[in-house]
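Visitor: Just the structure for this:
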Amino acid sequence: MSARDFSRLVRGATGFLGAYPQIVPVHVGDYFDQNDEGVLVKLGNVLDWPGWRDAVPVESEPVPGSETYYDGCRRVTDVGAGAKAAIPAAPGVSVQATASLTFTRESGFALAYEGATRTRVREIPPVQRRIKELARTGGWNERWILVVEVIEAESATLVVSRESGSSVDLKANTDLPEPLKDVAIADARLGWSASNWRGSGYTSLCAKGTPLFHCVKVRRGLFGRLTTEILGPEDLADVFTDDPFE
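Guide: Predicted structure coming up:
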């Protein structure tokens, strides 16, 4: 699988790009190159550059509740032997819950998070104009992408298949206060662990991280326009894209 394929699948399901692997921290203002597989390689943060932090306001807000997304993945949840009668479990009754994930394609995923904060650049056009000026002086590379929005979660779970037909079991020992199908795989209180990988894949369970982000990048083949033309706001919208692989 490639980080590029995974990120595009996540975008189709969430509207955001997927950070892979999610344990790599991503912050607003980070700028990256990427390798041939689409894995981000951090170069720095533009907000550390003189004048940028004051000129580019950033705002944050909490994301209430939790979210779970699947693509190319089927989830079947069950409990340990002898516990089926306890759904939902009585208070104080502990049973073992198992969420079995089966993947129907390479780069299929299950992604969940809770306790999240959304942080973003307040206005994108001023950032694009700054990139334009940097390009004219040789201070910006056409391969680079700039992160302008992130979802940072206190607890995020990501499971990705590296080949079609893979599967894995996620197990938790917990009291079940709600229907089993609603047990959140990003709930760190449930003590999730992964076992029985069949095929191959990547697993990160209930870790603090940045599962989702938005970025801006110069469209492929249009970098020359930044260095040679005076562009208005409409032209900037045509030159820049929010797809890092375009």
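Visitor: Help me confirm that Val150 comes into contact with Val26.
Guide: Yes: under the criterion of Cβ atoms under 8 Å, Val150 makes contact with Val26 at 5.5 Å. In short, each C-beta sits where N, CA and C put it, glycine included.
Visitor: and those two? which has more neighbours close in?
Guide: Neighbour totals were compared for Val150 and Val26, and Val150 leads with 27 against 21 (other Cβ atoms under 10 Å).
Visitor: check which helix or strand covers the more buried one.
Guide: If you go by DSSP states H and E, Val150 is part of strand 145-161.
Visitor: which residues are common contacts for Val150 and Val26?
Guide: 210, 213 (Cβ atoms under 8 Å, 6 or more residues apart in numbering).
Visitor: Just name the shakiest helix or strand of the chain by mean pLDDT.
Guide: The weakest-scoring helix or strand in the chain, judged by mean pLDDT, DSSP states H and E, is strand 94-103 (a mean of 80).
Visitor: That one vs strand 145-161, what angle?
Guide: For strand 94-103 against strand 145-161, the angle by axes from the mean of the first three to the mean of the last three Cα atoms, to 10 degrees is 110 degrees.
Visitor: Just to check, Trp144 is in contact with Leu40?
Guide: No: taking contacts as Cβ under 8 Å, Trp144 lies outside contact range of Leu40: 10.6 Å.
Visitor: And the strand holding Val150, how far out from the chain middle?
Guide: Mean-position distance between strand 145-161 and its chain equals 3 Å (Cα atoms, centre = their mean, to the nearest Å).
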